[in-house]
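Mind looking at a prediction? Sequence and model below.
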Amino acid sequence: MVLERAFYRRDPRTVAPELLNKVLRHADGRSGRIVETEAYCGPTDPAAHSWRGRTARNATMFGMPGLLYVYFTYGMHWCCNPVCGEEGEGVAVLLRALAPLDGLAAMRAARPACRSDRDLCRGPARLCQAMGIDRAQDGIDLVDGAGGFSIVDDGVPPPAAPVVTPRVGITRAVDEPWRWYVPNDPHVSRR
DNA sequence: TCTGCGATAATA
DNA sequence: ATTATCGCAGAC
């Protein structure tokens, strides 16, 4: 049910499409189905935070697979990534959108500016806001669940034919087709 | 529905 | 200076 460490211990380009339709769960009851992901491939990927090696900010990205790397950007937003590959590789998958499943009231309360439930988790920073993920969750283990979060397989398989596109919001390696999303899902950030 | 822009601060 | 973004305003 809860994804085991071996699931994460693979190339992020393999993990990212397989993460589609898995469920991100907060221990407080909030949950959402993952509908959009991107792979970041470490020191060989100029768009990855780990491109120039390990720093204080990206340290978690070089940790054990199954940890959650949470980073701060644009002066006000948090985004989260399950760490993949082998420890020390610096590879991860950015969670870009969820279809909200449970705990919608708590999500709405966490995002007072949000008008429509469709937008609750539509975007990497929006989903972190809705789920209650920020600096306190950087480095938590999604496998043992001790940090209050886990990713579970509830039996819904990944789409047989996910949509593949270049990644969003980057300025380097812009042509690499390392974004995947569930076809025809209204909760995907940019269609 | 789409486009453009300002907010806001850590990082390198 | 740049940034793995968001929400609002204004146009259509």
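Noted; the coordinates are in hand.

Tell me which stretches of chain A form helices.
A:5-8, A:12-19, A:104-110, A:124-131 (DSSP state H).

what about the shortest one and DNA strand C, touching?
Going back to what we said before, that points to helix A:5-8. No - using C-beta under 7 Å from any atom of the strand, helix A:5-8 stays clear of DNA strand C, with a minimum separation of 14.4 Å. In short, each C-beta sits where N, CA and C put it, glycine included.

Could you measure from A:Phe62 over to DNA strand B?
12 Å (C-beta to the nearest atom of the strand, to the nearest Å).

Look at that residue and say how many residues are nearby.
For A:Phe62, the count of nearby residues is 22 (other C-beta atoms under 10 Å).

Now do it against A:Val174, distance only.
Counting by C-beta to C-beta, to the nearest Å, the gap from A:Phe62 to A:Val174 is 24 Å.

quick one, the longest strand that chain A contains and helix A:124-131 angle?
Ranked by residue count, the top strand of chain A under DSSP state E comes out as strand A:91-102. Using axes from the mean of the first three to the mean of the last three C-alpha atoms, to 10 degrees, the direction of strand A:91-102 lies 50 degrees away from that of helix A:124-131.

and stretch A:33-49, how far apart are its ends?
Stretch A:33-49 has an end-to-end distance of 25 Å (criterion: C-alpha to C-alpha, to the nearest Å).

Can you confirm whether that stretch lies near DNA strand C?
Yes - contact of stretch A:33-49 with DNA strand C (C-beta under 7 Å from any atom of the strand) involves A:Glu38, A:Tyr40, A:Ala47, A:Ala48, A:His49.

Please could you give me each C-alpha atom of stretch A:64-77, formatted as CSV?
The C-alpha coordinates for stretch A:64-77 follow below in CSV (Å, rounded to 0.1, in the frame of the first residue of the first chain):
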residue,chain,number,x,y,z
MET,A,64,18.1,8.5,0.7
PRO,A,65,15.5,7.7,-1.9
GLY,A,66,12.0,8.2,-0.4
LEU,A,67,12.9,11.4,1.5
LEU,A,68,10.9,14.5,0.6
TYR,A,69,13.0,17.4,-0.7
VAL,A,70,11.1,20.7,0.0
TYR,A,71,12.5,24.0,-1.4
PHE,A,72,11.6,27.6,-1.2
THR,A,73,11.3,29.7,-4.4
TYR,A,74,10.1,33.1,-5.8
GLY,A,75,10.4,34.6,-2.3
MET,A,76,7.1,33.0,-1.1
HIS,A,77,6.5,29.5,-2.4
